[in-house]
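Q: build me a model:
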Amino acid sequence: MSDTTAVGHEEILRTIRRHTTAVVPEIEPARIVPERTLDELGCNSIDRAEILTGVLEELDIDLPLEKLTSGATVEELARLMGEHR
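A: The predicted structure is shown next:
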């Protein structure tokens, strides 16, 4: 993995964390770790859609929301987004 890929991946993870706490402020940022799903963090389907849409728009990633399954971990979501960046 090149350095730019790693930087891009970390940027995506940070963006997911930021949007998650913006949409669901009661989630402690420390709980948003790569191995957890948004469901496990307490996000409902509307929260997930809002979070993921925000991340995709901010990072200018062209990826249909249907490709981002609700059971995916934060790490899996970030990896998939990185592949479409």
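Q: give me the residues contacting stretch 14-33.
A: Stretch 14-33 has contacts (C-beta atoms under 8 Å, 6 or more residues apart in numbering) with 38, 41-43, 47, 50-52, 54-55, 58-59, 74, 77-78. C-beta coordinates here come from the backbone N, C-alpha and C atoms, glycine included.
Q: and those residues, which are buried?
A: 38, 41, 43, 47, 50-52, 54-55, 59, 74, 77-78 (16 or more other C-beta atoms under 10 Å).
Q: greatest separation within the residues you listed: which pair is it?
A: Maximum pairwise distance in the buried ones among the contacts of stretch 14-33, criterion C-beta to C-beta, is 20.0 Å, between 41 and 59.
Q: from residue 33, how far out is the most centrally placed residue in the chain?
A: Against the mean C-alpha coordinate of the chain, by C-alpha atoms, centre = their mean, the closest residue is residue 16 at 3.7 Å. According to C-beta to C-beta, to the nearest Å, residue 16 and residue 33 sit 11 Å apart.
Q: equivalent analysis for residue 49, please.
A: Residue 49 is 21 Å from residue 33, by C-beta to C-beta.
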